[in-house]
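> My questions are about this predicted structure, shown below with the sequence.
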Amino acid sequence: MTDSTLKLGDKDYPVRKGSVGPEVVDIRKFYAQSGMFTYDPGFTSTASCESGLTYIDGDAGVLLHRGYPIDQLAEQSSFMEVAYLLLNHELPSKDELDKFSYTISRHTMLHEQLAQFYRGFRRDAHPMAIMCGVVGALSAFYHDSTDITDPQQRMIASHRLIAKMPTIAAMAYKYSVGQPFLYPDNSLSYTGNFLRMTFGVPAEEYVVDPVVEAAMDKIFILHADHEQNASTSTVRLAGSSGANPFACIAAGIACLWGPAHGGANEAALNMLREIGRPERIPEYIARAKNKDDPFRLMGFGHRVYKNFDPRAKVLSKAASDVLDSLGINDPVLDTARELERIALSDPYFIDKKLYPNVDFYSGVILSAIGFPTTMFTVLFALARTVGWVAQWNEMISDPDQKIGRPRQLYTGPTQRDYVPVSQR
Ligand code: SDX
């Protein structure tokens, strides 16, 4: 929808309204008409695409998936329902959900040759390194679903990725602890199947704890999608070249691994453990405020949220519920709560609008469930695969989609002649 324009120089550029949120000025013709580029490293003021999947109001602390508030989805929905919603625009009927869940469950196994892939890694390899390698290698096995121009193949590839991520993640964990891989048990829920493949052993029956299953499913919902974050933008950019979906998701996994992004959940728990006791918090707050110290409070701050991350609110409550229910008294939770209290009363954090984000409390719950910190970002990637494939499908099915090709402000040397080494 355009009903106004913005004058830049002597040209008027259309201003487009979305259904909600900031308007955009369409500058696609700006360079052709002005000979200038816009300059926005980090894309703080740039809309890279049009999307109907997820809306974030950073000032109000609102997150909607196809219009549904994240707290309602987290409390009332399931990860499979949210996956269907993101992929198919609407919440499923019971029959649609059953069919979707059945379809996903029929893709949970990995090719036996792919299981051999793990043997090439050291046992102490970081599971995210394994995820990058194994997911990228999927494109070597599924040539029948890499023709991205075929909607049917796109959907099969999407289902395969959503279905196989729990198996790949569980196998990465098993490999790291020297235990045998467990095959999927499709009589279990998506999340129950993942928990069994991760924590079950051949010697005995694994009984899924409903409290853990519900907490894990809620964590998956909270990490499913988040607008055009760094890893989603990576998936879109990779996909814009026509790369196959498995390679695109592997690129997203690599980007998510960074401690400024999805790697923050591992870093946040390591930080909380390093702080150890509430009385040591002021020392770390001082470091976080010290411009000469690269230390930042991991799990705090966000490019978009300048209010509470709504996901952090849900996880903060879930942390208490899960630890109480499991009878776990982890002092890290007390440290996290005291750190949050002190930081949110400190002018530095108030002025810079730094609040806990999704990564601040998630690690406390994951640790209580039994995951090592090295698995935290793997779990983030498992859940975010739903958002990545939904965003990728949305992009690929856009007939106007072009290859992403940003320009630059060049500040290097202007043209000069080569000087032979004998004259240098
Ligand atoms: C995720 O984009 C998404 O949607 C991401 C995500 C998703 O679901 O996909 O939500 C998931 O990545 C959450 C963020 C996880 N990262 C962390 O928790 C790492 C710690 N946080 C920061 O590194 C930082 O807050 C970012 C990277 C998250 C956001 O950085 P911005 O938007 O680029 O902001 P900035 O770095 O410019 O910071 C603004 C100011 C700076 O001070 P000044 O230069 O203005 O003086 O705030 C300071 C920063 O130094 N600051 C912090 C801080 N975060 C920002 N100071 C101390 N501790 C922090 N955590």
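It's in. All figures in this text were calculated on a predicted structure; none of them were measured in a lab.

> Which residues lie in contact with I168 in this structure?
Under the criterion of CB atoms under 8 Å, 6 or more residues apart in numbering, the contact list for I168 reads 110, 131, 134-135. Quick note: C-beta positions are derived from backbone N, CA and C, even for glycine.

> Likewise for S397?
Residues in contact with S397 (CB under 8 Å, 6+ apart) are 151, 154.

> Show me which residues of this protein sit near the ligand.
226, 229, 260-262, 264, 288, 296-304, 352, 354, 357-359 (CB under 6 Å from any ligand atom).

> now do 5 Å
By the rule CB under 5 Å from any ligand atom, the part of the chain lying against the ligand is 226, 229, 260-261, 264, 288, 296-297, 299-301, 303, 352, 357, 359.

> those strands in this structure, which residues are they?
Here the chain has its strands, by DSSP state E, at 2-8, 11-16, 24-25, 54-57, 62-65, 68-69.

> Which strands and helices lie in contact with the third one?
Using 3 or more CB pairs under 8 Å, 6 or more residues apart in numbering; DSSP states H and E as the contact definition, the elements that strand 24-25 packs against are strand 11-16.

> right, so the strands of the chain: which one is the most enclosed?
Across these, averaging neighbours per residue (mean count of other CB atoms under 10 Å) puts strand 62-65 on top, at a mean of 21.

> re earlier: now, the most widely separated pair of the contacts of I168?
L110 and M131 (12.8 Å; CB to CB).

> More neighbours: which of the two?
More neighbours surround M131 than the other of L110 and M131, with 24 against 21 (other CB atoms under 10 Å).

> Quick check, the more buried one in contact with A172.
Yes - look at M131 against A172 with CB atoms under 8 Å: they come within range, at 6.2 Å.

> Give the intersection of the neighbour lists for the two.
V378.

> tell me the contacts of the residue lying closest to L91 once chain neighbours are set aside?
Spatial nearest neighbour of L91, chain neighbours left out: L85 (5.3 Å); criterion: CB to CB, 6 or more residues apart in numbering. Contact analysis of L85 by CB under 8 Å, 6+ apart lists 65-66, 68, 73, 77, 91-92.

> domain assignment for this structure?
For the chain, automatic domain parsing gives the domain ranges 2-47, 69-404.

> so which of those gets nearest Y418?
Per CB to CB, nearest to Y418 of those: domain 2-47, 28.8 Å.

> returning to that earlier point: which of the contacts of I168 lies closest to L326?
M131 (26.8 Å).

> For M375, see how far away that closest one is.
Distance, M131 to M375, by CB to CB, to the nearest Å: 10 Å.

> residues shared between the contacts of these two?
Common neighbours of M131 and M375 (CB under 8 Å, 6+ apart) are 169, 172.

> In contact with H261, which residues are there?
Counted by CB under 8 Å, 6+ apart, H261 has contacts 229-231, 255.

> nearest to the ligand, of these?
Using CB to the nearest ligand atom, N229 comes nearest to the ligand of the contacts of H261, at 3.3 Å.
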